[in-house]
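K.L.:
Need a 3D model of the sequence below.
(one chain, ligands or ions: 3)
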Amino acid sequence: MTVTIVGSQLGDEGKGRVVDLYSDEADVVVRYQGGDNAGHTVCHSGEEYKLSLVPSGAIRGKVGVLGNGCVINPRTLFDELEMLRERGLEPDVRVAERAHVIMPFHRVLDGIEEDVKSEDDQEVGTTGRGIGPTYEDKAGRRGVRIGDLLDPEVLRERLEYVVPQKRAIADDVYDLDPDDLEAYPNAFDIDALFEEFREYGRRIEREDMAVNAGAFLSDAREAGKRLMLEGAQGTIIDIDHGNYPYVTSSNPTAGGATVGTGLSPGVIGDGEVIGIVKAYLTRVGSGPLPTELAGVEGDTPGYDGDSDPAEEELATYIREAGDEYGTVTGRPRRVGWLDLPMLRHSTRASGFTGLAVNHVDTLAGLDELKVADAYELDGEQLETMPATTEQWADCEPVYRTFDGWDDQDWDVIAEDGYEALPENARTYLEYVSDELDVPIYAIGVGPSREDTIVRERPY
Ligand code: GDP
Ligand code: IMO
Ligand code: MG
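P.N.:
Ligands and ions are numbered 1, 2, ... in the order given. Here you go, the predicted structure:
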């Protein structure tokens, strides 16, 4: 059986910690989309791991697979594997031969496109990892795949086709000398790229990492192995279901789990799909956020540092309490109240069978909390998100207010279970569960594996 973990909001909901929580009962943990734009945190027994590519199940010694839907930067992958080995783990990671490879020129192009867009305040605020340009080349049928790294003739042929195109774009469109880039001196040099990436191919072969992901996973499933599918990013930055163009370039929603692994929709749909919810909202990068408190200069559209002091105080309180700074980029995350129209949209798109709600501890100490129960747009009340980003930006939240809860000895609560939670926290959680008609499987009351109230085990 499969368990699919999906971010229900804008990423950083705490997916890594839920994968870690439940993967003790899994055999294989698979990333199905995204690349090293992800930053998944796993903490237990005082150890903290931040993973960009290696599936979070590696911390429990599970086999990890990077599915065909991923885009893989081999430099990051091997660095991360090395880091884990230095910390005493023995990660076993396989990579799909069909997955696409992030090349240095993808990173360069990601950066320059963002620079150009920023001249008109239109930048997405990407992680700069080359994600968008790599998926563009995949769709444009000019990408380099993991399987190509294993075959020198094919690799050279692919590079000889694609690199001159990229040189022309850098030079003619962006007026950049492709041979004079300080950070990436060889990004557009066919021979240098061939040498470096062929060596990654040899290493993948030596370490027996390449797999036909669909076949590998189906065989594992038929042999009775339990699979966990680890989504990266979140529904509202999904390229189809998110707030385009302020999105990533893949499908974090549950449909991505089938396309990005080669497991059929029936297999994924037969399993559990757990929506990961942060008890409030955070966002890294640009784009609207109707329930945002105050703003972050450079990221919040139109924000110039002038905000309501009470909102600023709340945003700072939550940001500091939740340590809301980007795992990948270190940027302060934008903060807002929980948004039910957003969660209704996410629940529909992925068909959540259970929820994990994190950061209930972070909200402790507030007198009252708000939740957007609906939106008002042009005199009409909306229960779910409109399809255009411009309309979403115009939505006024219709808030419902909840009484807050005090800080607690969360270790004790995690041990004693759900009934030990403050009554006001239970009221808040039950409202979310009732509105979405989805049971809550787990509640995070701190960053660590031990700080979790587990109500249901999905396997
Ligand atoms: P992911 O990308 O969805 O895996 O989430 P991130 O790891 O980027 O961000 C979540 C952050 O919140 C990490 O620093 C986690 O350690 C932390 N975290 C997760 N759940 C909880 C929780 O219930 N309480 C607190 N205080 N921190 C949490
Ligand atoms: P995890 O898996 C939060 C955001 C970026 C930017 C947009 C596009 O840790 O939840 P990209 O580099 O993907 O082209 O950037 O998406 N973004 C994330 N935000 N969590 C993530 O991953 C993210 N991955 C990308 O900030 O707004
Ligand atoms: Mg993250």
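
K.L.:
S8 contacts F352, doesn't it?
P.N.:
Yes. Assessed by Cβ atoms under 8 Å, S8 is found in contact with F352 at 7.3 Å. Where C-beta positions appear, they are placed from N, C-alpha and C, glycine not excepted.

K.L.:
shared neighbours, these two?
P.N.:
Common contacts of S8 and F352, defined by Cβ atoms under 8 Å, 6 or more residues apart in numbering, comprise G275, S346.

K.L.:
What residues does the closest residue to ligand 1 within the stretch 151-300 of the chain make contact with?
P.N.:
Closest contact between the stretch 151-300 of the chain and ligand 1, by Cβ to the nearest ligand atom, is at I276 (6.2 Å). Listed by Cβ under 8 Å, 6+ apart, the contact partners of I276 are I5, V6, G7, S8, E13, G14, K15, V18, G234, L355, A356, N358.

K.L.:
Among the residues you listed, which are located in strands?
P.N.:
I5, V6, G7, L355, A356, N358 (DSSP state E).

K.L.:
Which positions in the longest strand that the chain contains come out as buried?
P.N.:
Counting by DSSP E, the longest strand found in the chain is strand 368-377. Along strand 368-377, these residues count as buried under the neighbour rule (16 or more other Cβ atoms under 10 Å): L369, K370, V371, A372, D373, A374, Y375.

K.L.:
Which helix or strand contains L176?
P.N.:
Element membership for L176, per DSSP states H and E: none, as it lies in no helix or strand.

K.L.:
Kindly report the same for G201.
P.N.:
G201 belongs to helix 190-206 when assigned by DSSP H and E.

K.L.:
sorry, back to before: tell me the mean pLDDT over the longest strand of the chain?
P.N.:
For strand 368-377, the mean per-residue pLDDT is 98.

K.L.:
With stretch 139-151 instead?
P.N.:
98.

K.L.:
Give me the contacts around that stretch.
P.N.:
Here stretch 139-151 has contacts from 72, 74, 95-101, 103, 134, 137, 154-155, 158-159, 161-162, 165, 197-198, 200-201, 204-205, 210, using Cβ under 8 Å, 6+ apart.

K.L.:
gap between that stretch and the chain center?
P.N.:
24 Å (Cα atoms, centre = their mean, to the nearest Å).

K.L.:
For the residue nearest in space to the middle of the chain, list the residues it contacts.
P.N.:
With distances taken as Cα atoms, centre = their mean, the residue of the chain nearest its centroid is Q233 (1.9 Å). Going by Cβ under 8 Å, 6+ apart, Q233 touches G7, G11, Q33, G34, N37, A38, T248, S250, P252.

K.L.:
Close to ligand 2: what parts of the stretch 1-150 of the chain are there?
P.N.:
7, 11-12, 37-40, 124-127, 129, 131-132 (Cβ under 6 Å from any ligand atom).

K.L.:
Recalculate using a threshold of 8 Å.
P.N.:
With Cβ under 8 Å from any ligand atom as the criterion, the stretch 1-150 of the chain comes near ligand 2 at residues 7, 10-13, 15-16, 34-35, 37-40, 110, 124-129, 131-132.

K.L.:
Throw together a PyMOL command that grabs the buried residues out of those.
P.N.:
A single PyMOL command is used to select the members of those judged buried by 16+ other Cβ under 10 Å:
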select buried, resi 7+10+11+12+13+15+16+34+35+37+38+39+40+110+124+125+126+127+129+131+132
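
K.L.:
Which members of the residues of the stretch 1-150 of the chain next to ligand 2 occur in strands, if any?
P.N.:
Reading strands off those with DSSP E, I get G7, H40.

K.L.:
Mark which of the residues of the stretch 1-150 of the chain next to ligand 2 are part of helices, please.
P.N.:
Among those, the members found in helices (DSSP state H) are K15, G16, D110, I131, G132.

K.L.:
And stretch 300-307, end to end?
P.N.:
Stretch 300-307 stretches 12 Å from its first residue to its last (Cα to Cα, to the nearest Å).

K.L.:
now it, how far from the chain's geometric center?
P.N.:
How far stretch 300-307 lies from its chain's middle: 25 Å, per Cα atoms, centre = their mean.

K.L.:
Contacts made by it with the rest, please.
P.N.:
D121, S286, G287, P288, L289, E292, A294, G295, V296, E297, R334, A393.

K.L.:
residues in contact with the last one?
P.N.:
Read it as A393. By Cβ under 8 Å, 6+ apart, the contact list for A393 reads P288, P290, P301.

K.L.:
out of the residues you listed, which are buried?
P.N.:
P288, P290.

K.L.:
And the contacts of A393, which is closest to T401?
P.N.:
Nearest to T401 among the contacts of A393: P290, at 16.5 Å, using Cβ to Cβ.

K.L.:
Could you give the backbone dihedrals for the closest one?
P.N.:
phi -60, psi -30 (degrees, to the nearest 10).

K.L.:
what residues are up against it?
P.N.:
By Cβ under 8 Å, 6+ apart, the neighbours of P290 are G336, D339, A372, Y375, W392, A393, C395, E396, P397.

K.L.:
From ligand 3, how far off is the closest residue to R426 other than its chain neighbours?
P.N.:
In this structure, R426 finds its nearest non-sequential neighbour in Y418, 7.3 Å apart by Cβ to Cβ, 6 or more residues apart in numbering. Separation of Y418 from ligand 3 (Cβ to the ion, to the nearest Å): 26 Å.
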